[in-house]
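Visitor: Whatever this is, show me its structure:
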Amino acid sequence: MHPLQTIARERILILDGAMGSMLQEYRLDEAGYRGARFADWGHPLKGNNDLLNLTQPQIVEEIHAKYFAAGADIVETNTFNAQTVSMADYGMESLVRELNLAGAQLARKAADAYTTPDKPRFVAGAIGPTNRTLSLSPDVNRPAYRAITFDELATAYQEQAEALIEGGVDVLMVETIFDTLNAKAALFAIQDAFVATGKEVPIMISGTITDASGRTLSGQTTEAFLISMSHMPLLSIGLNCALGAKDLRPYLQTLAANTPFLISAYPNAGLPNAFGGYDETPTQMADAVSEYLDLGIVNILGGCCGTTPEHIGAIEQAVSPLAPRGLHKAAFYKEAA
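Guide: Numbering: from 1, shown residues only. So this is what the prediction gives:
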């Protein structure tokens, strides 16, 4: 049994909060993103947060350390967009391996610094959804058109997964899933990455319910998302982003009632305000996620957009006395013959 599974039977595991929200606090300009190495790069680079693994590694490591100091058990690598599909926007496809290795190593360094015999710390390799979708056409006049193929996406994901594994992550997190077919390409690629590296790590999955319809962007209900992912031996399945803690609750209840996997949740700090910011305070968010524990529906808790180390610290303090969701075999789950 993986150490995370053992710990999850005893208490709630705490994930970190938003990397992007924290990076915004440093107010980096174009030169700050470029650094000396990319001063003459032929594309605008401001906003390429993954590049900061190379140009501002001290900032990325400092943010990881802040989340660990706040009480996080797991931090995610700063690699959400570190694959060739997304990096094509910056002409940086050739840097993908380096970006992921650096991202994993920075998080690993912080995790090792905060690990104690009583509280080991872990690194999750963050694998985002890319800026392409396999299920939807970007052209309303050509509904059959797709901007990328399954094989192209899987190839991009495999390169990312291999580098994250080699960089020392403990688990892989396929997150913010708005199109389950994209996630299937990632899972397919991860299996090939396990073969290529000769090493296997647990897999965490996290989908995104886009609005009050209770569906992903590609149209799946929570139940459909769960069923379509349950063929894999997952460490956890859960939901993140798009919604605040209160709005996310009914969909987490659906997951928790129908799967034997650990359940993760890392909601936004409420819904965005008129200026695109997030107003939910650490105390408010901690109170909201504590209701998950009263209902017995989560094992892993963290934060997404708008959350900070203060949010994670408040969540950790609020839920540490509470019991995690118990593990069980559920209605939709079928063991392999």
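Visitor: Past the helix or strand hosting Ala256, which element shows up next along the chain?
Guide: In this structure, Ala256 sits in helix 245-257 according to DSSP states H and E. Counting by DSSP H and E, the next helix or strand C-terminal to helix 245-257 is strand 262-268.
Visitor: ok, and what's touching the following helix or strand past that following strand?
Guide: Downstream of strand 262-268, the first helix or strand assigned by DSSP H and E is helix 282-295. Residues from elsewhere that reach helix 282-295 (CB atoms under 8 Å, 6 or more residues apart in numbering): 12, 244-246, 249, 252-253, 256, 265, 267, 269-270, 280, 298, 301, 303, 307-308, 310-311, 313-315, 317-319, 322-324. Where C-beta positions appear, they are placed from N, C-alpha and C, glycine not excepted.
Visitor: List buried residues within these.
Guide: 12, 244-246, 249, 252-253, 256, 265, 267, 269-270, 280, 298, 301, 303, 307-308, 311, 313-315, 318-319, 324 (16 or more other CB atoms under 10 Å).
Visitor: those helices in the stretch 1-150 of the chain, which residues are they?
Guide: 3-8, 19-24, 30-34, 52-55, 57-70, 84-87, 96-114, 150-167 (DSSP state H, counting those that start in this stretch).
Visitor: quick one: the fourth one to chain centroid distance?
Guide: Okay, so that is helix 52-55. Averaging C-alpha positions (CA atoms, centre = their mean, to the nearest Å) puts helix 52-55 19 Å from its chain's average.
Visitor: cool, the last one as well?
Guide: Per CA atoms, centre = their mean, the displacement of helix 150-167 from the mean C-alpha position of its chain is 16 Å.
Visitor: Tell me which residues touch Met229, please.
Guide: Contacts of Met229 (CB under 8 Å, 6+ apart): 180, 183, 187, 205, 207, 237.
Visitor: Same check on Val201?
Guide: 125, 165, 169-172, 194.
Visitor: Assign it to helix, strand or coil.
Guide: coil (DSSP: H, G, I helix; E, B strand; the rest coil).
Visitor: shaky segments in the chain?
Guide: 328-337 (pLDDT under 70).
Visitor: tell me the centre residue of it?
Guide: The residue lying closest to the centre of the chain (CA atoms, centre = their mean) is Glu175, at 4.1 Å.
Visitor: Check which residues of stretch 268-280 are buried.
Guide: 268-271, 278, 280.
Visitor: Please read the previous query as pertaining to stretch 13-25.
Guide: 13-19, 21-23.
Visitor: Kindly report the same for stretch 291-304.
Guide: 292-293, 297-304.
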